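Enquirer: 3D, please:
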Amino acid sequence: GVTEVQTCALPIYEILDASDLAQVDRAVSLIARAEHHRYFFDKLCDARWVGPLAAKGFFRRPPPLVPVPGGPYVKIPPWPESRFLARIAGSATEEDQGRIVDIALALPDTANVSVHQDLAAIALAVPPQLAVRFVPKAKKWVAEYTFFLIPLRLGELAVHLARGGYPQEALGLARHLLT
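Expert: Numbering: from 1, shown residues only. Prediction:
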């Protein structure tokens, strides 16, 4: 009921405001329910949590597309973890940006375009020398549900790479987009 959410949300709120990363175990124990999980990652703004949360098994399994019964449609669930990484990538330290990119690139391939959009946002938020590592994955995303913002984001990524000193990679990505 309402009381249960209020008592659980308060400790999560306190943990989010604390600067003590020793609270990771406590946080993980409090985010077992989907709504707490989503709240935690939507409110978390500190890149220092990325490593400890990754060590606890987060950032490994993006949600798959969910078929809608009786039709050719699918639901595209957002993934709180990838949204968190995309949100903090631009303001993270160089070391944390490297960790975020490593995590993003280690994800298994997914057809979930919501996750693709978050990963493209990460690539756009980090320096070109890190963003260029996304090109092989980005080329795969082009074939998936192109009515989303993926082609636009990947065009922006090509510009980001060209301006950052990676013209060959930018051209390769642009060619792939235009094909």
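
Enquirer: Chain neighbours aside, what residue packs nearest to A174?
Expert: A158 (4.5 Å; Cβ to Cβ, 6 or more residues apart in numbering). C-beta: built from backbone N, CA, C; applies to glycine.

Enquirer: ok, the one you found - contacts?
Expert: A170, L171, L173, A174, L177 (Cβ atoms under 8 Å, 6 or more residues apart in numbering).

Enquirer: burial of K139, as a residue count?
Expert: 16 (other Cβ atoms under 10 Å).

Enquirer: Oops, could you answer that again for R133 instead?
Expert: Neighbours of R133 under the rule other Cβ under 10 Å: 17.

Enquirer: low-confidence ranges in this structure?
Expert: Where the chain drops to pLDDT under 70, the residues are 1-22, 144-148.

Enquirer: in which helix or strand would I find the spatially most central residue of it?
Expert: Ranked by distance to the mean C-alpha position of the chain (Cα atoms, centre = their mean), the top residue is S82 at 2.0 Å. Secondary structure from DSSP states H and E places S82 in helix 80-89.

Enquirer: helices or strands up against that helix?
Expert: Secondary-structure packing of helix 80-89 (3 or more Cβ pairs under 8 Å, 6 or more residues apart in numbering; DSSP states H and E): helix 34-43, helix 94-106, helix 113-125.

Enquirer: how about 6 Å then?
Expert: helix 34-43, helix 113-125 (3 or more Cβ pairs under 6 Å, 6 or more residues apart in numbering; DSSP states H and E).
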